[in-house]
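Trainee: Quick one, what's the 3D model for this:
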Amino acid sequence: MTFSLDLTKPLSRFGLALNLTLLSVVFYALSTASFHYMTERLPHGEVAQKIAEVSRKSEEAAFSKAKAAAKGKVFDEKIAREQAKVAAEAEVKKQEEEIHHHAVSGWAPFAVFLLILSAVFFAGFLSVTVQRRANDAGFQGLWLFVHHLGAWSLAGYIAFYPFLAHHDLRKAWMPAFIAGLVLLLPVFVAGEGHGDHDDDHGHAH
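Mentor: Reported below is the predicted structural model:
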């Protein structure tokens, strides 16, 4: 029932359900945390820095323009600075969306890469669990491919759920989740303790 990478250890139906639940929670949390970090935390810092830079440059440009326009007339630096700040805020508002989009798109490949890693490790650990259950149930041949395909399909959907939710693609990829459950159904409902133990008897002779 406990989590193990030893394929020779049998696993009950309840053990498979427990391992699947724990792995789903752990890797969903990892995927969510990494996706949030790459699409929110890191871009937010970059956006703030870029906005500050645009604001400073716009303010200096507006102030220099106002000073040059005075041409020897009485020049109130304080009022000019305030007007320059207002002009800079307007310029920042025009560029803010583009700045944010550029920052997010810059980190997007790294976010997807982390999700791929999460999906691969999740599927790998789940495949070990499914294999232990399949061995205990006595499944062989094509059934093993079916069960592992279900494990990878399920793991992929759960690991990429934050990405799918962000892009509103959950319903479009829901068939992958359902297919994973269906392909794992035989190994869930199969009997227990039906694995081939003839090798142990063979060594005794």
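Trainee: gap between A159 and G138?
Mentor: From A159 over to G138 the distance is 30 Å, taken as Cβ to Cβ, to the nearest Å. All C-beta atoms are positioned from the backbone trio N, CA, C, and that covers glycine.
Trainee: To clarify, my last question referred to L23.
Mentor: 24 Å.
Trainee: Lowest-scoring secondary structure element of the protein by mean pLDDT?
Mentor: helix 198-204 (a mean of 39; mean pLDDT, DSSP states H and E).
Trainee: returning to what we had before: between A159 and G138, point out the one with more neighbours.
Mentor: A159 (27 against 14; other Cβ atoms under 10 Å).
Trainee: Would you agree that one is in contact with G124?
Mentor: No. Applying Cβ atoms under 8 Å as the test, A159 and G124 come out as separate, 11.4 Å apart.
Trainee: Mind checking the pLDDT average for the lengthiest helix in the chain?
Mentor: Longest helix in the chain, counting residues (DSSP state H): helix 77-137. For helix 77-137, mean pLDDT is 80.
Trainee: for that helix, packing partners?
Mentor: In terms of contacts (3 or more Cβ pairs under 8 Å, 6 or more residues apart in numbering; DSSP states H and E), helix 77-137 is packed against helix 13-36, helix 42-70, helix 142-159, helix 161-166, helix 170-189.
Trainee: Find me the pLDDT at the nearest residue to A108 once chain neighbours are set aside, would you?
Mentor: Closest residue in space to A108, ignoring its immediate chain neighbours: T39 at 7.2 Å, by Cβ to Cβ, 6 or more residues apart in numbering. Here, the pLDDT recorded for T39 equals 82.
Trainee: Begin at 382, not 1, for the rest of this chat.
Mentor: Got it, the first residue is 382 from now on, which makes the last one we talked about T420.
Trainee: what about V568, how many neighbours?
Mentor: 25.
Trainee: next one: the one 4 residues further on
Mentor: By the other Cβ under 10 Å criterion, the neighbourhood of G572 contains 9 residues.
Trainee: just checking, it touches A515?
Mentor: No. Between G572 and A515 there is no contact under Cβ under 8 Å: 12.0 Å.
Trainee: re the thing from before, count of neighbours near the residue nearest to A489?
Mentor: Neighbour tally, T420, other Cβ under 10 Å: 19.
Trainee: Cool, thanks, signing off.
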